[in-house]
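Trainee: Return a 3D structure for these sequence lines:
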Amino acid sequence: MAKNNLALVITVAIALVITSFFIGYSASLRNQINSLQQQNNQLVEQNNQLVEQVENLQRQVNETVPVTLSIQKKNPIKSYLLQKLLEMYICQILLTGTQQVLGKYIVL
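Mentor: Purely as a prediction, here's the structure:
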């Protein structure tokens with residue numbers, strides 16, 4: 001009888017150790033999932049901000065194109081320089097993730 005009780009105690013102890021391991025492991029996985037969800041939410045927010053910046057940039061370019069076309073007719077050299085300036089600032093905005101007001105750099 002004592003052997004049976006000892007075997008039962010050992011079996012229950014092993015089961016408790018295994019159960020606590022899985023409880024701890026599942027808690028760790030839950031924490032990792034929560035962390036990944038937070039990171040995903042931050043990335044979604046950053047993506048939304050970048051989409052908004054690109055849309056604003058596109059709107060600024062669309063507003064600037066008529067000015068460029070007007071200058072092209074009057075002065076081809078100034079037109080070329082303006083085009084290169086716009087390309088440079090568009091690249092800067094896309095690379096740095098910051099938005100510049102293109103109009104303040106244009107001197108007509």
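
Trainee: max-length helix in the chain?
Mentor: When the chain is parsed with DSSP state H, its longest helix is helix 2-74.

Trainee: how far out from the middle of the chain is it?
Mentor: On the basis of Cα atoms, centre = their mean, to the nearest Å, helix 2-74 sits 11 Å off its chain's mean C-alpha point.

Trainee: Output the contacting helices and strands for that helix.
Mentor: Where contact means 3 or more Cβ pairs under 8 Å, 6 or more residues apart in numbering; DSSP states H and E, helix 2-74 is packed against helix 76-96. (Glycine included, C-beta is placed from N, CA and C.)

Trainee: How far does the helix it packs on sit from its chain's centre?
Mentor: 26 Å.

Trainee: Quick check: the gap between K3 and V17.
Mentor: Per Cβ to Cβ, to the nearest Å, K3 is found 21 Å from V17.

Trainee: These two - which one has more neighbours?
Mentor: Neighbours were counted for K3 and for V17 using other Cβ atoms under 10 Å; V17 has more, 10 against 7.

Trainee: Which helix or strand in this structure has the lowest average pLDDT?
Mentor: Within the chain, confidence by mean pLDDT, DSSP states H and E is lowest for helix 76-96 among all helices and strands, at a mean of 73.

Trainee: got the angle for it vs helix 2-74?
Mentor: 170 degrees (axes from the mean of the first three to the mean of the last three Cα atoms, to 10 degrees).

Trainee: residues of helix 76-96 that come out buried?
Mentor: For helix 76-96, the neighbour count (16 or more other Cβ atoms under 10 Å) marks 79, 82, 86, 89-90, 93 as buried.

Trainee: ok, these vs Q39, which is closest?
Mentor: For those, the minimum distance to Q39 (Cβ to Cβ) is 25.2 Å, reached by I93.

Trainee: which regions of the protein lie under the pLDDT threshold?
Mentor: Scanning the chain for pLDDT under 70 picks out 1-2, 64-76, 78, 93-108.

Trainee: try 80
Mentor: Along the chain, the parts satisfying pLDDT under 80 run over 1-4, 58, 60-83, 85-108.
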